[in-house]
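K.L.:
What shape does this take:
(2 chains)
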Amino acid sequence: MGQTLIEKILARRSRDPIIPGSISWIDLDVRSARDFGGANVVKNFTVNYPEQKIADPAKTCFTFDCNVPANNIPYANNQQTCRVFAEKQGFRVFDVDRGIGSHVNIEEGQAVPGATIVGTDSHLNILGAVGAFGQGMGDQDIAFAFKTGRTWFEVPYSMKVVVKGHFSYPVTAKDLTLKMLQVLGSNGALGLSMEYEGPAIDGLELHERITLASMATEMGAIISFITPDKRILDYLNKRSGRSIEGLSADSDARYIKQVEVDITDLEPLVACPYSPENVKKVREVAGRKIDSVFMGSCTNGRFEDFVLVDKILTGRKIARHVMAKVVPATREVYKKLLESGILARLFEAGCILSSPGCGGCASGQIGMTGKGEVQISTSNRNFKGKQGDGDTYLASPVVAAACAVAGKIIDPRDL
Amino acid sequence: MTPNTVIKGRAWVITEADGTFIDNIDTDMIFHNAHLAITDIAKMGQHAFGNLSGWEDFPKKAKQGDILVLGKNFGAGSSRQQAVDCFIALGVTCLLAESFGAIYKRNAINTGLPILCREGFAGKGKELSIRNGDELEVDLVKSTVKNITRGTTSSMEPFSKVQMDIYQAGGLYAYGKALEASA
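P.N.:
Residues are numbered from 1 along each chain as shown, chains lettered A, B, ... in the order given. Purely as a prediction, here's the structure:
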């Protein structure tokens, strides 16, 4: 019988039979940790494997992205603990300047179809955007992976999502992602590996694939894959300096669930407080006064996301009472924004520009909200208290920028 | 020393005020990201459920040996181990849920905290068959939960082999070393 994408990837990295529901040992191509979790990984490693070496420095790295550069002493201490450990063990640190780890994995050519990558970021499954198996794990798991290069994994069952129709501006991949949350809810894909396909998916650019793949965790899924097409493979070839082969599911692979979504009449959507599944049309909640906007995160922090913001802001200004925070995903994105003049235009429009990273998502330094504050965010979680004491709405960069201009929740078509 | 496969304890049923399970409790409700820099397990217990409405005082009420009874997708969200370790710090010995978030499930298994799940195991809605303070007996080999107070028994999904092996070994590292020694 044929294999789904996850089955195919795991089979290439395991000596065990790959059967959904059963546990296999998997070899890991990249073992990483962030500044969040990283110090605990070091602690676990040092306690359990005193004076021992990690399995393979070339396959191990730290990616600092949560609190960069550190704005409090505990984080600064944790980062320094990690640096000292990495230097001693001889592996690489993508330090506080570099940006979100999962995006760095893609830019550095580590994440290619079929690669197996673990780290302490629960959104590392975003790498399904390029056909790689990424998985967030706890610090014990990661310390074990540092030492052994392997992990145990319960092979997930797979579900297929067929997306029909085509995108038409101002509807974006983020709106489809929110639509999926509306359809599946917070646990509709619990423990499953999702595979997106269909006419709406085929033409997606890398940044759109990243957005769509970024919220598998919010649906309870292990990962969501989008099979790379030729353009994505060309990009990955360039990035990795290797000749990358595509990887796709077999036509007779078994899926335990199939969902069909049609985006023909899709409108701009927003996830209301306090859950990513609490999705409504922007027009249904329009009019509420906002205090801040956060544009960035692993979900919407790519160059093209800010091109969309720039388009809305051209000839307009951020409303005077709104804090509009811009946090590019990586240093590379930042550079491109600088060189293209977009960063200067966002600045002129009234945005607050920050160095690359996760922003406010994991108690970072940009994007926390105060009690009673209403924030529109292009990120992926709006749980109560997650980004501070305020109320957070999740939306696309287009919607976020429109709200920043209007000073209230607004559908970009009504701006 | 081999850990017990029969665990007895007092139940905490994590519900809304109306007695229904709170589903999709995420790791920020369990252990808020404001405390992520903490690496010492002993300091984690005080923050357990610190951001879960109605349960903020849980660390003061929990006692050694308590068992948590939980709804769907418990531990959704981030990969933070602290969301498991904070309960260990309080002396919680077992988690029973309708289902767990995937990463949370791994973290609990790896650290040797027994967890069992099955949809509907404790009944539906306000008619939950387990109440706060009930005396429970969990059998990890038979995968059963006996409610001693009410005289009822539920069956749960069985422990996987890896889960039992890690539990019996006393955690992932001990298990890994045993694997290495036998290879």
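K.L.:
Now the residue of chain B found nearest chain A: which helix or strand?
P.N.:
Closest to chain A within chain B is B:A37: 3.2 Å, counting by Cβ to the nearest Cβ. (Each C-beta comes from the backbone N, C-alpha and C, glycine too.) For B:A37, there is no host helix or strand (DSSP states H and E).
K.L.:
For it, the count of nearby residues, please.
P.N.:
For B:A37, the neighbour count with other Cβ atoms under 10 Å in any protein chain shown is 22.
K.L.:
could you measure it against B:T149, distance?
P.N.:
40 Å (Cβ to Cβ, to the nearest Å).
K.L.:
give me every residue that touches the closest residue in space to B:I148 that isn't next to it in sequence.
P.N.:
Distances taken as Cβ to Cβ, 6 or more residues apart in numbering or on different chains put B:E135 closest to B:I148, at 4.2 Å, once the chain neighbours are dropped. Taking Cβ atoms under 8 Å, 6 or more residues apart in numbering or on different chains, we find B:E135 in contact with B:8-11, B:147-149.
K.L.:
As CSV, those with neighbour count and secondary structure would be great.
P.N.:
CSV is the format used below for the contacts of B:E135 (neighbours: other Cβ atoms under 10 Å in any protein chain shown; DSSP: H, G, I helix; E, B strand; the rest coil):
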residue, neighbour count, secondary structure
B:K8, 15, strand
B:G9, 20, strand
B:R10, 16, strand
B:A11, 22, strand
B:N147, 19, strand
B:I148, 12, coil
B:T149, 14, coil
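K.L.:
Could you measure from A:Q140 over to chain B?
P.N.:
Distance from A:Q140 to chain B, counting by Cβ to the nearest Cβ, to the nearest Å: 5 Å.
K.L.:
residues in contact with that residue?
P.N.:
A:Q140 makes contacts with A:44, B:81, B:107, B:110-111, B:171-173, as judged by Cβ under 8 Å, 6+ apart.
K.L.:
Tell me who's in contact with the nearest residue to A:G134 once chain neighbours are set aside.
P.N.:
Residue nearest to A:G134 in three dimensions, not counting chain neighbours: A:L127, with 3.2 Å by Cβ to Cβ, 6+ apart. Residues in contact with A:L127 (Cβ under 8 Å, 6+ apart) are A:102, A:105-106, A:111, A:115, A:117, A:133-134, A:213, A:223.
K.L.:
mind redoing it with 6 Å?
P.N.:
Applying Cβ atoms under 6 Å, 6 or more residues apart in numbering or on different chains to A:L127 gives the contacts A:111, A:117, A:134.
K.L.:
Let's verify it: helix, strand, or coil?
P.N.:
Look at A:L127: counting by DSSP: H, G, I helix; E, B strand; the rest coil, its state is helix.
K.L.:
Can you tell me how far it is from A:Y274?
P.N.:
Counting by Cβ to Cβ, the gap from A:L127 to A:Y274 is 28 Å.
K.L.:
can you count the residues close to residue 74?
P.N.:
By default, I'm working from chain A. When neighbours are defined as other Cβ under 10 Å, A:P74 has 15 of them.
K.L.:
if you could check chain B rather than the one you did, that'd help
P.N.:
Close neighbours of B:F74, defined as other Cβ under 10 Å, add up to 30.
K.L.:
isn't it right up against B:A97?
P.N.:
Yes: in this structure B:F74 lies within contact range of B:A97 using Cβ atoms under 6 Å: 4.4 Å.
K.L.:
who's the nearest residue to B:S155 once chain neighbours are set aside bridged to?
P.N.:
Among residues not flanking B:S155 along the chain, B:T144 sits closest, at 5.4 Å (Cβ to Cβ, 6+ apart). On the basis of DSSP bridges, B:T144 is bridged to B:D139, B:S155.
K.L.:
Can you give me the distance of B:T144 to B:A37?
P.N.:
40 Å.
K.L.:
Please apply the same query to A:S14.
P.N.:
Noted for A:S14: a distance of 36 Å to B:A37, by Cβ to Cβ.
K.L.:
same check, this time on A:L343
P.N.:
Plainly put, A:L343 is 31 Å away from B:A37 if you go by Cβ to Cβ.
K.L.:
same question, A:K43
P.N.:
12 Å.
K.L.:
and what of A:G203?
P.N.:
Distance, A:G203 to B:A37, by Cβ to Cβ: 43 Å.
K.L.:
Can you give me the pLDDT of A:V130?
P.N.:
What the model reports for A:V130 is a pLDDT of 98.
K.L.:
So what's the residue count around the nearest residue to it once chain neighbours are set aside?
P.N.:
Counting by Cβ to Cβ, 6+ apart, A:V130 lies nearest to A:A111, which is 5.3 Å off, once chain neighbours are set aside. A:A111 has 28 neighbours, counted by other Cβ under 10 Å.
K.L.:
Touching, A:A111 and A:N105? I think so.
P.N.:
Yes: using Cβ under 6 Å, A:A111 makes contact with A:N105 at a distance of 4.3 Å.
K.L.:
Check which residues of stretch A:47-62 are buried.
P.N.:
A:48-49, A:54-55, A:59-62 (16 or more other Cβ atoms under 10 Å in any protein chain shown).
K.L.:
need the residues of chain A near chain B, please.
P.N.:
Selection of chain A residues close to chain B by Cβ under 6 Å from any Cβ of the partner chain yields A:23, A:36, A:39-40, A:43, A:48, A:74-75, A:120, A:122, A:136-141, A:144, A:152, A:186-187, A:190-191, A:220, A:222, A:362-363, A:383, A:385-386.
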